[in-house]
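[1] turn this into a structure:
(2 chains)
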Amino acid sequence: AQSVTQPDIHITVSEGASLELRCNYSYGATPYLFWYVQSPGQGLQLLLKYFSGDTLVQGIKGFEAEFKRSQSSFNLRKPSVHWSDAAEYFCAVGALGSNTGKLIFGQGTTLQVKP
Amino acid sequence: DSGVTQTPKHLITATGQRVTLRCSPRSGDLSVYWYQQSLDQGLQFLIQYYNGEERAKGNILERFSAQQFPDLHSELNLSSLELGDSALYFCASTQGIGGPYNEQFFGPGTRLTVL
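    Numbers count the residues shown, from 1 in each chain, chains lettered A, B, ... in the order given. Predicted coordinates for the structure are as follows:
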């Protein structure tokens, strides 16, 4: 079965420091991969997505992610974190054999930013 | 603001009761998705409708049902509520029939508390 694992439940970084959020997926074919952010009291917002091609994808708010097939990973990065980045981050994969848009989400990583 | 609206924002009810959650998709979007976010299960896909027809089903309990109306708004009906149904219920919409290429726009969610 498809699955997404985000090993870090909670991460704290200092403002201005770099950030990497980990995501590992289990999938039988080329995955469709997504990162979403959920700010307190808000719905999910798409940060970036990967379907094919260049393995380094750029997203909104200065985020990027790198697809590594050999490691089944799609880690999210940001060179310099801002206090407004504090939120919960979800990695997701498009369901196998699906043309329905069904997404399978990881458990999420809560990011805390220290001043 | 994603353009997806959900009502009510909060709902508190008792075990055994029935509630209806409402979702209005973005203007022009034909697909509506429902997700449940709970502490123990994380974010899970429940069901998708496209232009009034059920398109895909996930881990939706038999006590839950949904429909999409001719004006494209959708309702999620939860009956015989149990404590474990307490969760945040999200609605998302996309323009097309689905598939991972279509970005899903999420509403702010309805927080259901079952006492």
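[2] what helix or strand does the residue lying closest to B:Leu11 once chain neighbours are set aside sit in?
    In space, and not counting its chain neighbours, B:Leu11 is closest to B:Leu112: 4.9 Å by C-beta to C-beta, 6 or more residues apart in numbering or on different chains. Quick note: C-beta positions are derived from backbone N, CA and C, even for glycine. Element membership of B:Leu112 [criterion: DSSP states H and E] is strand B:110-114.
[3] let me see the mean pLDDT of that strand.
    The pLDDT scores in strand B:110-114 average 97.
[4] next: stretch A:1-19.
    Per-residue pLDDT over stretch A:1-19 has a mean of 94.
[5] now do stretch A:71-83
    What stretch A:71-83 shows for mean pLDDT is 96.
[6] do that stretch and chain B meet?
    No: using C-beta under 8 Å from any C-beta of the partner chain, stretch A:71-83 stays clear of chain B, coming no nearer than 13.4 Å.
[7] any idea how far that stretch is from the chain center?
    Offset of stretch A:71-83 from its chain centre (C-alpha atoms, centre = their mean, to the nearest Å): 8 Å.
[8] enumerate the residues of chain A near chain B.
    Counting by C-beta under 8 Å from any C-beta, chain A comes close to chain B at A:32, A:34, A:36, A:41-46, A:49, A:51, A:90, A:94-95, A:98-108.
[9] inside strands: which ones of those?
    Among the residues of chain A next to chain B, the residues falling in strands (DSSP state E) are A:34, A:36, A:44-46, A:49, A:90, A:94, A:103-105.
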